[in-house]
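Novice: No sequence on hand, only this structure:
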């Protein structure tokens, strides 16, 4: 991770109030386990989520709050690989969102989306080149990637950026993960919510 990418990383685990989660860690682990089982059936190396509808299934109903379909100048990415999970999100001015995200999501690896752009007249403030570099650092430049491309899905980045991503990652294969996502989202909770409700910390 470059120095610019890690600019706000120190804020992630800074002391702060506990904010509470909207589902227990056990539920998250079961969702991830089920997703990986379905990924295996399609031979996927990673699942890439950019829209709030699918992203919140894995992250939280409140974190992050700037998915591309909600704040169109920014972009957030949840990525699940065969052995790890990542949430790429906008840190805001002081990096405080990274800290609050740590308190409200079970995703292990939080990363800062560098808010710079390289093209004149570009309104979106994130760079396609940045996410490509992040994927390469994770050894996914030759991977089979599942995206929100098919039925009942909305790709959480604009089409031109998706084409640019594919141009810059020519050895990676981008395929439709909609069968996996539909099955995951429509599945009932896997954990006992009544047991969890007794121990939910207060939300501030």
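Specialist: Perfect, thanks for sending it. Not measured: the values here are computed from a predicted model.
Novice: quick one: the helices in the chain?
Specialist: Counting by DSSP state H, the chain has helices at residues 25-41, 52-58, 96-104, 128-137, 159-168, 178-186, 193-197.
Novice: What is the first one packed up against?
Specialist: If I follow you right, that is helix 25-41. In terms of contacts (3 or more CB pairs under 8 Å, 6 or more residues apart in numbering; DSSP states H and E), helix 25-41 is packed against strand 46-49, helix 52-58, strand 77-81, helix 178-186, helix 193-197. (C-beta placed from N, C-alpha, C; glycine too.)
Novice: elements contacting the fourth one?
Specialist: Applying 3+ CB pairs under 8 Å, 6+ apart, one finds that helix 178-186 makes contact with helix 25-41, helix 52-58.
Novice: Could you pull out the buried residues of it?
Specialist: 178, 180-181, 184 (16 or more other CB atoms under 10 Å).
Novice: mind checking pLDDT for residue 130?
Specialist: Looking at residue 130, its pLDDT reads 85.
Novice: one step back: rebuild the buried residues of helix 178-186 as CSV, extending it with pLDDT and distance to residue 49.
Specialist: Conversion of the buried residues of helix 178-186 to CSV gives the following (pLDDT from 0 to 100; distance: CB to CB, whole Å):
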residue, pLDDT, distance to residue 49
178, 95, 12
180, 94, 11
181, 94, 8
184, 91, 10
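Novice: quick one: which of the helices and strands packed on helix 25-41 is nearest residue 124?
Specialist: Residue 124 sits nearest to strand 77-81 of all the helices and strands packed on helix 25-41, at 13.5 Å, using CB to CB.
Novice: hmm, who's touching the closest one?
Specialist: Contacts with strand 77-81, where a contact means CB atoms under 8 Å, 6 or more residues apart in numbering, come from 32, 35-36, 39, 45-50, 54-55, 58-59, 85-89, 107, 113, 131, 138, 140.
Novice: lowest-confidence helix or strand of this structure?
Specialist: Every helix and strand in the chain was compared by mean pLDDT, DSSP states H and E; the lowest is helix 193-197, with a mean of 49.
Novice: Perfect, I'm done here.
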